[in-house]
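> no sequence for this one, just the structure:
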């Protein structure tokens, strides 16, 4: 099992990613930390509690053996999942932004109003969870300090603010992490929040820029990102995700819960002309973590180093990954800038490829969309395709 910290801004695809993680025996979820992003951090915490409560009710009738097989992350043990509810509420720099336009004001398509049956008392804490009074950044560091060095993977599904704050607070302890996996950025494709930026990097470009530099500075750590370039093509049809329009409510509370927040998403996709399949950005990172568990590399995946800078303050380009394409290979922008504003002189042209420790490690190939769809539907929906 891979010891895992999940850093989440629970919106609709984060919810599916978390459910997938809890259904995966390859992952031992030690800690879950909340961060602003898709919605306010307080609502992220509420959504986390809802997911655990829904899963608990859905599997009440299962035997202990069935529960262990279907939902290993929900099996009670003497070691609870530590929750950092006091996550970053705003970016390291710039104005706060959320993705309420897509995920709804509560992060889950506004089911707090449309489906109040899923609401919980503000004091509710699921028995599988232990809520820390400390900040999410501190909780991340506490987990890394407690576990053996090089054994804990951070799966980050929102803005990198908590991750950056943890590193700023104690880079030595942070360097004990085995690897950080993050969903974010757009390198060679358009953004999904602006023409040039992916949401997680747009929400806190300062934290992103900080972490991209920190991973190769003193006390380095292993960072791998899954940008829109690789996550967008991995889609699952809404015909798999939602029951037919004329179907009656299911006897499964989990099925009704998923339907409650995904129906609005399907409408948004239709309105935007995106087709009838949902892009699985955050579940993709969980899939990669599962495939890495127990392996030095994930079978069927390929990574490469990419060099870019993050635009933090642009009026129209906040969160943009600026890749220098003036030559045949990518080199740091500060090297290119020596050529002056009229371009690169012949004597300055760089033809070497980045070294193994330069740039950010990016997933550029996966085992394929069908392989992802198969695992996703088996884990999240309990069906084989």
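Noted; the coordinates are in hand. This structure is a prediction, so every number in the text was calculated from the model and none was measured. Numbering: from 1, shown residues only.
> Any stretches of the stretch 1-150 of the chain with poor pLDDT?
Applying pLDDT under 70 to the stretch 1-150 of the chain flags no residue at all.
> ok, now with 90
Along the stretch 1-150 of the chain, segments meeting pLDDT under 90 span 1, 60-61, 63-64, 75-79, 101.
> now the stretch 201-350 of the chain
Scanning the stretch 201-350 of the chain with the threshold set as pLDDT under 90 gives 216-219, 245-251, 294, 296, 314-315, 324-350.
> hmm, 70 instead?
Applying pLDDT under 70 to the stretch 201-350 of the chain flags residues 327-350.
> Which residue ranges of it form strands?
223-226, 235-237, 277-279, 302-306, 309-310, 321-322 (DSSP state E, counting those that start in this stretch).
> Can you give me the neighbour number for the nearest residue to residue 209 once chain neighbours are set aside?
Take residue 209 and drop its neighbours on the chain: the residue closest to it by CB to CB, 6 or more residues apart in numbering is residue 310, 4.0 Å away. Where you see a C-beta, it was placed from the backbone N, CA and C, and this is true even at glycine. For residue 310, the neighbour count with other CB atoms under 10 Å is 23.
> what's the answer for the one 10 residues further on, then?
Residues lying near residue 320 (other CB under 10 Å) number 25.
> That one contacts residue 311, correct?
Yes: with contact defined as CB atoms under 8 Å, residue 320 and residue 311 form a contacting pair (4.3 Å).
> Overlap of the contact sets of the two?
Common contacts of residue 320 and residue 311 (CB atoms under 8 Å, 6 or more residues apart in numbering): residue 196.
> Tell me which residue lies nearest the centroid of the protein.
By CA atoms, centre = their mean, the chain has its centre lying nearest to residue 157, at 1.7 Å.
> tell me the pLDDT at that residue?
For residue 157, the model assigns a pLDDT of 98.
> Okay, the residue nearest to residue 27 when sequence neighbours are not counted and residue 84: tell me how far apart.
Leaving aside its sequence neighbours, residue 27 sits nearest to residue 4 (CB to CB, 6+ apart; 4.8 Å). According to CB to CB, to the nearest Å, residue 4 and residue 84 sit 14 Å apart.
> Kindly report the same for residue 365.
Distance of residue 365 to residue 84, given as CB to CB: 33 Å.
> In terms of neighbours, single out the busier of these two.
Ranked by neighbour count (other CB under 10 Å), residue 365 and residue 84 place residue 84 first, with 28 against 11.
> got the contact list for that one?
Neighbour list for residue 84: 31-34, 132, 134-140, 162 [criterion: CB under 8 Å, 6+ apart].
> which of those residues are buried?
Neighbour-count burial (16 or more other CB atoms under 10 Å) applied to the contacts of residue 84 gives 31, 32, 33, 34, 132, 135, 136, 137, 138, 139, 140, 162.
> Closest one of the residues you listed to residue 375?
For the buried ones among the contacts of residue 84, the closest approach to residue 375 (CB to CB) belongs to residue 32, at 21.1 Å.
> The closest one falls within a strand, correct?
Yes: under DSSP: H, G, I helix; E, B strand; the rest coil, residue 32 falls within a strand.
> Many thanks, have a good one.
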